[in-house]
Every structure is written in C-alpha cells, then in structure tokens.
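1. Attaching a predicted model along with its sequence, questions to come.
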Amino acid sequence: MDPTELIACHQCDALHYKRALHSGTVARCARCGAVLYRGLSERLDRVTAMTLAALITFVIAQAAPIVQLETNGIATQTTLAAAIAALWAENSQVIAMLVLCSTTLFPLAELCALLYLLFSLRAGIRPYAFDELLRMIQWIRPWGMIEVFMLGVLVALVKLSSLAEMRPEAALFAFGALTLMIASVVTFDPRVLWDVADRLDEGVTTCSRATRHS
C-alpha cells in the first residue's frame, strides 16, 4: 500500500484511498460525511482572473478614500490606513492591529499567494514552497474579514447620516466589489492545486523515464 495514495479526513482522521474524480464531483468521508476533496478542475483561468481582479480592487480600496464627511462647511476624507492610524493614536492598539490584520494583511497575503500558485501551475511549473503556501492559505483564510468590515462601515454610515452630510468615495464601492470577489475566490478549494501539482510531477517523472530509456 502506497501511503501517498491515502488521505486523512480533517474531521475524524479516517484514512481513505485517494482516487481521481471527475470535475464537479466531491469525495466525502465514509465515517462522518465531511468533504475530503473535490474533483480536479482544468479551468483555472476563471479563478486566476477573479483573483487578479480582486487584487487590483484591493489596492484601490486600500488607497482611495472611503467616504467624505461634511459638517459646518468642513469636509473630511479618510482611508482605511488613516482609520487604523487614528485607532492607534487613540490608544486602541489591539483593535488597530486586529483591523490591520483582518482587512489588509491576511487578505493581501492570501490573494498574492494564491495568484503566485495559479500562475506557476498554469505555466506548468511546480512553484517554490508549494506545500507551505497552500497550508498558509488554509490557515489565514478564516481570518480575512473584508465582509465584516464592509458591514461595519455601512452601519456606521447609517448612524452618522443624521450628524453630517456623507458622500461615498471610490474605496467604498471598491470594498463592495471586493466583498463579492473574495466570496467567489474563497469558494475555490486550494487543495485542488495539489492534484494539479501531482499531475505535473507525474508528467516530469514520465519524461525523465522516457529520456533514460531512449
């Protein structure tokens, strides 16, 4: 029995033989019913395009002002970075770090790592630190909370609407679009990339054997 052909359920640790699946199908644990892995999809172009678009939108959302507040003839604009800096200056360092990690560092790390893996695999190359990057994506994915931040901004805007005149800026729309894009990206199971990498390794091994025999 080849141990590389086995997969352990992440819920109950039951071992199963890993078999090739058709695109769109799912393998479930025979003991607890948890999803083990999904069928290999050859259509990585859509995921790559969506991840790249999300990264571009992320940069716009971070750099542009979120909203403009005007009261007594004085207009004020703020960005996410300025809001985090203000929290830090108000002696709320813990909250500032949580906002920074959940809305900036973790989503950016996931998008960059996933894009790097996708571009490399589409080019037929198993990228450096492939296993480590996939595990990192799996670990940080639950901590990216762009949608929670967007909900908090909307609630704050509703409460402030009676105190000042508000004008939404580019970053607010960018965060709205980014929320939808992130929701689409996270539906992609990065463990599928292991199957893509395994196929690349099998192809390299076959070519090496053919070269030696010739």
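-> Arrived safely. Numbering: from 1, shown residues only.

2. Map the structural domains onto the sequence of this structure.
-> 6-38, 40-206 (the TED database).

3. Need the winner for burial among those domains.
-> Mean neighbour count (mean count of other Cβ atoms under 10 Å) peaks for domain 40-206 among the domains of the chain, with a mean of 16. The way it works is simple: take the backbone N, C-alpha and C, and place the C-beta from them, glycine included.

4. where does this structure dip in pLDDT?
-> Residue ranges of the chain with pLDDT under 70: 1-5, 20-24, 38-43, 73, 160-162, 164, 191, 195, 198-214.

5. any idea how far the residue at minimal distance from the centre of it is from L134?
-> Closest to where the C-alpha atoms of the chain average out (Cα atoms, centre = their mean) is E110, at 4.4 Å. Applying Cβ to Cβ, to the nearest Å, the value for E110 to L134 is 11 Å.

6. circling back to that earlier point, let me know the next secondary structure element after the helix or strand the residue nearest to the centre of the chain falls within.
-> Counting by DSSP states H and E, the element that carries E110 is helix 106-122. Remark: after helix 106-122, the chain's next helix or strand is helix 130-140, criterion DSSP H and E.

7. Now do that next one: which elements does it pack against?
-> Applying 3 or more Cβ pairs under 8 Å, 6 or more residues apart in numbering; DSSP states H and E, we find helix 130-140 packed against helix 106-122, helix 192-213.

8. before we move on, back to that, so what angle separates the directions of the helix holding E110 and helix 130-140?
-> Using axes from the mean of the first three to the mean of the last three Cα atoms, to 10 degrees, the direction of helix 106-122 lies 150 degrees away from that of helix 130-140.

9. got the contact list for helix 106-122?
-> 44-45, 47-48, 51-52, 54-55, 58, 126-127, 130, 133-134, 136-137, 140-141, 143-144, 146, 182, 185, 190, 193, 196-197, 200 (Cβ atoms under 8 Å, 6 or more residues apart in numbering).

10. Could you look up the SS state of D13?
-> Assigned with DSSP: H, G, I helix; E, B strand; the rest coil, D13 falls in the coil class.

11. and it, how far is that from T25?
-> For D13 relative to T25 (Cβ to Cβ), the value is 23 Å.

12. repeat for E70
-> 55 Å.

13. And for Q62?
-> Q62 is 38 Å from T25, by Cβ to Cβ.

14. Likewise for L134?
-> 21 Å.

15. repeat for I66
-> 42 Å.

16. go on, C9?
-> 17 Å.

17. same thing with I7?
-> The separation that I7 has from T25, given Cβ to Cβ, amounts to 15 Å.

18. swap in Y17?
-> In terms of Cβ to Cβ, Y17 sits 15 Å off from T25.

19. the inter-axis angle of the helix or strand that contains L55 versus helix 106-122?
-> Element membership of L55 [criterion: DSSP H and E] is helix 45-63. Per the same axes, to 10 degrees, the angle that helix 45-63 makes with helix 106-122 is 150 degrees.
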